[in-house]
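Asker: Test case, fold it:
(2 chains)
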Amino acid sequence: MQRRRVMSVALVVGCMILSVPLFAHHGNVAYDTSKAVVLKGATVTKFVWANPHTFIMFDVKDEAGNVQHWSGEAGSPSSLRLLGWTQSSLHPGDLITVYIYASKTGNPVGRLNRIVLADGTELKDSALGYREVE
Amino acid sequence: MRNSVRGSVIAAGVGLAFSWQVAAQTDAATRIVEQRPPTLYQKLEKLGPGGPAPRRDLLGSWTGPLEPQLGVAPPMTPLGEARYKLNVPDPFSAHSNDPWGTCDPFGFPRGMTNETRGVAFAQMPGRIVIMTQYGKIWRSVWMDGRELPKDVGGKGGPDATWYGYSVGHWDGDYTLVVNTNGVDERTWLDRRGYPHSLDMRVEERYKRVDHNTLELTVTVDDPKIYTKPFVVATNRYRWIPNQEDEEQLCVPSEMIDYIKTIAIPAGQDQAVGKK
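Answerer: Below is the predicted model:
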């Protein structure tokens, strides 16, 4: 029993530490990664499939009905392709749900956790998409 | 009891082996185990050696990790320190002067120390051509016995260039040695912003360990800037079975769009801090 616990600790610590160099490739310290903001009914206005980072621009209505213009970045095309994204994953006018770690500045910009397309397809970010959010 | 001792040894071993990386950890990383999708390089790591290395042959396409292992720079000269202070890395920071931020050419050796997902080698008369996937760059490595040019950037000498001048030779049957000089001073050694002078000499050693594995060591010798030569990066590449490359380009208009749309409103500059 004790052995199993120690082995588990070794495994978890090892995995955590190994993960750091990947995590550190491009920093996400500008974003509040403690919680993801959920934006439902977002309308895509632009999808930029580019190096170094892909990003999406989309409009969301707040509770008062005002349209907010958001932008969210994700990984590079090379990284996102491994998760099922392609250049044609999104088009202006698409309705999506966005899970995003917002900027600490309070501006409507952030790093994606994932997006959910109208047909239910989930597309995760290559850096922070591994996090499970409600 | 014996089992728990063995467990502790494993725990300590794992901790020690990677302890150098702990300093780079963020709070987020300590709480959550990251699970990125495996890259092509990681998938190919599982294929094994694939047989012995062919003699004097690196030709074809290889894939590397996203970034290599970067080396520790020795103390710099006063000129080196002064030049280093001028470089503000991280193209994702709005006020960085990283040449990457405007999609300037990486130049050499940065092309081999940053964004290293793909490299390929081809044979042309008298030379081997080394191509990097990122930016679709090619460099000529002259194998015909010529010497490196002298007095680059001086009167009567050839101009300094982003990727310099390169000559190569085989050290034994499995290691290609490439020597380079004449690199434009605007380029950085790597993403950390290390500078160099026009006097820099760089040696790359490509060792084909077996059919599927290529190891690279990049050594910089620049006495004007660094007090001794040092290994700026080591890397490891895997043979790509279907030989297909990806396109990876830094496109200036897209970078400008990114900085305006994401980096500045997100306050990336304040968040990452100046060097």
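Asker: Roughly how far does B:Gly64 sit from B:Leu40?
Answerer: Separation of B:Gly64 from B:Leu40 (C-beta to C-beta, to the nearest Å) stands at 9 Å. For the C-beta atoms, the positions are set from N, CA and C on the backbone; glycine is no exception.
Asker: For these two, list the residues in contact with both.
Answerer: Contact with both B:Gly64 and B:Leu40 is made by residues B:Arg117, according to C-beta atoms under 8 Å, 6 or more residues apart in numbering or on different chains.
Asker: Is stretch A:71-85 in proximity to chain B?
Answerer: Yes: Stretch A:71-85 is in contact with chain B by C-beta under 8 Å from any C-beta of the partner chain, via A:Ser71, A:Glu73, A:Ser76, A:Pro77, A:Ser78, A:Ser79, A:Leu82, A:Leu83.
Asker: So which of these is the closest to B:Trp100?
Answerer: A:Ser76 (13.0 Å; C-beta to C-beta).
Asker: Tell me which of B:Gly64 and B:Leu40 has more neighbours.
Answerer: B:Gly64 (23 against 18; other C-beta atoms under 10 Å in any protein chain shown).
Asker: how about residue 79, what does it touch?
Answerer: As the question left the chain open, I've gone with chain A. A:Ser79 neighbours (C-beta under 8 Å, 6+ apart): A:Ser126, A:Ala127, B:Arg36, B:Pro37, B:Thr39.
Asker: ah, no, chain B please
Answerer: Applying C-beta under 8 Å, 6+ apart, the residues near B:Leu79 are B:Ser197, B:Lys224, B:Ile225.
Asker: Tell me the pLDDT of the residue sitting nearest the centre point of chain B.
Answerer: Taking C-alpha atoms, centre = their mean, the centroid of chain B lies closest to B:Thr113, which sits 0.9 Å from it. On pLDDT, B:Thr113 comes in at 98.
Asker: what's the answer for the one 4 residues further on, then?
Answerer: Reading off the per-residue confidence, B:Arg117 sits at a pLDDT of 95.
Asker: And B:Ser8, by the same measure?
Answerer: Turning to B:Ser8, the model gives it a pLDDT of 41.
Asker: next one: A:His25
Answerer: 50.
Asker: and if you look at B:Gln25?
Answerer: Reading off the model, B:Gln25 has pLDDT 36.
Asker: ok, B:Thr180 to B:Tyr174 distance?
Answerer: 21 Å.
Asker: is the nearest residue to A:Val67 once chain neighbours are set aside in a bridge, and if so with what?
Answerer: Closest residue in space to A:Val67, ignoring its immediate chain neighbours: A:Asp59 at 5.1 Å, by C-beta to C-beta, 6 or more residues apart in numbering or on different chains. Here A:Asp59 sits in beta bridges with A:Thr43, A:His69, as judged by DSSP bridges.
Asker: need the contact list for A:Asp59.
Answerer: So A:Asp59 contacts A:Ala42, A:Thr43, A:Thr45, A:Val67, A:Gln68, A:His69, A:Trp70 (C-beta under 8 Å, 6+ apart).
Asker: ok, now B:Ile130?
Answerer: B:Val119, B:Ala120, B:Phe121, B:Trp138, B:Arg139, B:Val141, B:Ser166, B:Val178.
Asker: and with 7 Å instead?
Answerer: Contacts of B:Ile130 were listed using C-beta atoms under 7 Å, 6 or more residues apart in numbering or on different chains, and they are B:Val119, B:Phe121, B:Arg139, B:Val141.
Asker: Strands - which of these land there?
Answerer: B:Val119, B:Phe121, B:Arg139, B:Val141 (DSSP state E).
Asker: So the third one versus A:Gly93, what's the distance?
Answerer: From B:Arg139 across to A:Gly93, the span is 44 Å (C-beta to C-beta).
Asker: now the strands for the stretch 101-250 of chain B?
Answerer: Taking DSSP state E, counting those that start in this stretch as the test, the strands found in the stretch 101-250 of chain B are B:118-124, B:127-132, B:137-142, B:165-171, B:175-181, B:201-210, B:213-221, B:230-239.
Asker: So what are the sheet partners of the third one and their directions?
Answerer: What that stands for is strand B:137-142. Assessed with DSSP bridges, strand B:137-142 is paired to strand B:127-132 (antiparallel), strand B:165-171 (parallel).
Asker: Could you tell me which residues within that strand count as buried?
Answerer: For strand B:137-142, burial by neighbour count (16 or more other C-beta atoms under 10 Å in any protein chain shown) applies to B:Ile137, B:Arg139, B:Ser140, B:Val141, B:Trp142.
Asker: can you give me the helices for chain B?
Answerer: B:2-17, B:27-31, B:40-45, B:78-85, B:110-113, B:252-258, B:268-272 (DSSP state H).
Asker: I appreciate the help and will end here.
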